[in-house]
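[1] based on what follows, work out the 3D shape:
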Amino acid sequence: MTGMSVRPYWELRFDAYGDVDTRQRDRLLEQAAQQELTDLVVFSHGWNNTRTMATRLYDRFFAPFPGLLGEAGPARLGYVGVVWPSMRFADESLGGLPREQAPGAPPGLDADTHRALDVVFPGRQQIVARLAELLAERPERLAALDEFAVLVRGLVRVRGMSGGAGDAADTEAEPDEDGVPAMFGEDVTEVCERFAAALTEARGKTDTEDRALFDSGLGGLWDGAHELLRQGTYYVMKRRAGTVGREGLGPVLGDLAALRPAPRLHLVGHSFGGRLASFALTGLEEGVTVASVTLLQGAFSHYAFAERLPHAADRGGVLHDAPRRVGGPVVSCHSRHDTALGLLYPVASRVSWDDASLLPDDIRWGAIGYDGVQAVADCPRLELAEALDGPFPAGGCVSVDVSEVVRHGVPPAGAHSDICHEELARVVLRAGRIGAG
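    All right, here's what the predicted structure looks like:
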């Protein structure tokens, strides 16, 4: 592919059901076998909403690899970029860089996000248009908020979509009976209040400013309503990531493992792409393994790999058996500067399930990209310097605090997309023992 910083590079495109572009898959299998690669790094993006955004991320993240490996290194490394249908709200920053807001821009749904919603939810343009209208008008009527919640519920309940409710669950037996989380059916005022409060905290406003905004009527609640719509799209993307990983990427990894000689496979995933990469392990045939997994700001539960949940001993993470499909470590890179995962993810999770605790210090609903792997025995917790310079664990789950470099970004996502750093490329190489001889 032209314009990429590394060679050889292949693209693997999947649809929402996990069906792969067979021409791309066959080209990858044929050419990877011909080049007799020793290692293949497979990267899954998060909620970027176009192929161009995804490939730009891959180009930037992979750029340091050749220099780190050196010309005379023993590794013959190939690169794969996974492209799957996802989206993000256009007010979020990319790569930690602030997105400039047009002076005097009106409130509501920006044009780019409106178009992205139309693409991600085909046939629901009228629903999207009405949601945009309500967000722009911000009516001072509770009935309008109720209407907004009903419309969001209709938008995210995509009938006929591949996979059932369980595709969105990160722990066993999460209540999700009709395919829509409880946050879209609970009292909309309470839900919007929680989201508005989380947004205020993410933006770092003072208590005085918060109170002035919140006491002004329903205006503050419409900020929460906007976040409810964002979380609705994230919910669909989260469910889709599990489907694409298990039904799509997993079987392709099996095909790659069957090559002779077979390259060592290293999975990398950002945000929901980390969930996609992790669920790909569940789509492998028995006996097939990958060499390593590195999760960059993974947007799924920090209990996903737990055998038993601290608050429910009869339940575990849906991926508790997945690490046995990895010959090396499963690494979770996490940052305390990721406000998307540190503030908004827990609020969305707490208002999604019926047994959610309302205590603010309850870590039950934390994300793996914010505080690392939880409730997994013998899981080392490393600072970035230790991960780069000390002995790296040879297997099992590993948490690496990358707050030192993953730190730049603007609300509401914060540093969530600030992942293109040479240090993180080195973590991938060290985890996979790529070029170690």
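[2] mind listing the strands for the stretch 151-300 of the chain?
    264-270, 292-296 (DSSP state E, counting those that start in this stretch).
[3] look at the closest residue to Pro8 other than its chain neighbours and give its secondary structure.
    Spatially, and ignoring its direct neighbours in sequence, Pro8 is nearest to Gly78 (4.9 Å; CB to CB, 6 or more residues apart in numbering). Heads up, the C-betas are built off the backbone N, CA and C, glycines and all. Secondary structure, DSSP: H, G, I helix; E, B strand; the rest coil: Gly78 is strand.
[4] next up, the contacts around Gly78.
    8-10, 32, 35, 37, 39-41, 263 (CB atoms under 8 Å, 6 or more residues apart in numbering).
[5] let's see it at 7 Å
    Contacts for Gly78 (CB atoms under 7 Å, 6 or more residues apart in numbering) come out as 8, 32, 35, 37, 40, 263.
[6] ok, so of these, who is nearest Gly283?
    Set against Gly283, the nearest of these by CB to CB is Leu40 (16.9 Å).
[7] where does the closest one land in three-state SS?
    Classification of Leu40 by three-state DSSP places it in strand.
[8] check what pLDDT it gets.
    pLDDT, Leu40: 98.
[9] looking at the contacts of Gly78, which are in helices?
    If you go by DSSP state H, the contacts of Gly78 have 32, 35 in helices.
[10] in PyMOL, select just the buried ones from the contacts of Gly78.
    This is how PyMOL selects the buried members of these, with burial counted by 16 or more other CB atoms under 10 Å:
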select buried, resi 8+32+37+40+263
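[11] what's the most distant pair in the contacts of Gly78?
    Spatial extent of the contacts of Gly78 (CB to CB) is set by the pair Pro8 and Pro263 at 11.1 Å.
[12] can you get me a residue count around the nearest residue to Gly232 once chain neighbours are set aside?
    In space, and not counting its chain neighbours, Gly232 is closest to Val156: 4.3 Å by CB to CB, 6+ apart. Counted with other CB atoms under 10 Å, residues neighbouring Val156 total 22.
[13] show me the shaky parts of the stretch 251-400 of the chain.
    For the stretch 251-400 of the chain, the stretches flagged by pLDDT under 70 are 346-365.
[14] quick check: which ranges of the stretch 51-200 of the chain have low pLDDT?
    In the stretch 51-200 of the chain (pLDDT under 70), the answer is 71-73, 88, 90-107, 158-168, 172-186.
[15] make it 50
    In the predicted model of the stretch 51-200 of the chain, residues 72, 95-104, 158-166, 175-178 satisfy pLDDT under 50.
[16] mean neighbour count, the strands of the stretch 151-300 of the chain: which tops it?
    strand 292-296 (a mean of 30; mean count of other CB atoms under 10 Å).
[17] mean confidence score for the strand or helix carrying Leu28?
    Following DSSP states H and E, one finds Leu28 within helix 22-35. The average pLDDT within helix 22-35 is 97.
[18] please save the CA atoms from that helix in CSV.
    Output of helix 22-35 as CSV, limited to C-alpha atoms (Å, rounded to 0.1, in the frame of the first residue of the first chain):
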residue,chain,number,x,y,z
THR,A,22,-11.6,-12.2,0.8
ARG,A,23,-9.3,-10.6,-1.8
GLN,A,24,-7.4,-8.8,0.9
ARG,A,25,-7.2,-11.9,3.1
ASP,A,26,-6.0,-14.1,0.2
ARG,A,27,-3.4,-11.5,-0.8
LEU,A,28,-2.1,-11.4,2.8
LEU,A,29,-1.9,-15.2,3.1
GLU,A,30,-0.1,-15.6,-0.3
GLN,A,31,2.4,-12.8,0.2
ALA,A,32,3.1,-13.5,3.8
ALA,A,33,4.0,-17.1,2.9
GLN,A,34,6.2,-15.9,0.0
GLN,A,35,8.2,-13.5,2.2
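[19] list the helices and strands it packs on?
    strand 9-13, strand 77-83, helix 250-257 (3 or more CB pairs under 7 Å, 6 or more residues apart in numbering; DSSP states H and E).
[20] of all the ones you listed, which one is nearest Leu68?
    Nearest of the helices and strands packed on helix 22-35 (CB to CB): strand 77-83, 10.2 Å.
[21] for Gly298, phi and psi?
    With angles defined as degrees, to the nearest 10, Gly298 sits at phi -60, psi 130.
[22] circling back to that earlier point, what sits up against the helix holding Leu28?
    Contact with helix 22-35 is made by 8, 10-13, 40, 76, 78, 80, 252, 255-256, 259, 263, as judged by CB under 7 Å, 6+ apart.
[23] give me that answer again for 8 Å
    8, 10-13, 40, 76, 78, 80, 252, 255-256, 259-260, 263.
[24] which of these sit farthest apart?
    That would be Arg13 and Arg260, which, of those, are the farthest apart (CB to CB) at 25.8 Å.
[25] residues contacting Ile419?
    61, 95, 270, 296-297, 406.
[26] rerun at 6 Å
    When contacts are counted by CB atoms under 6 Å, 6 or more residues apart in numbering, Ile419 touches 270, 296.
[27] how close does the residue nearest to Gly232 sit to Leu131?
    11 Å (CB to CB, to the nearest Å).
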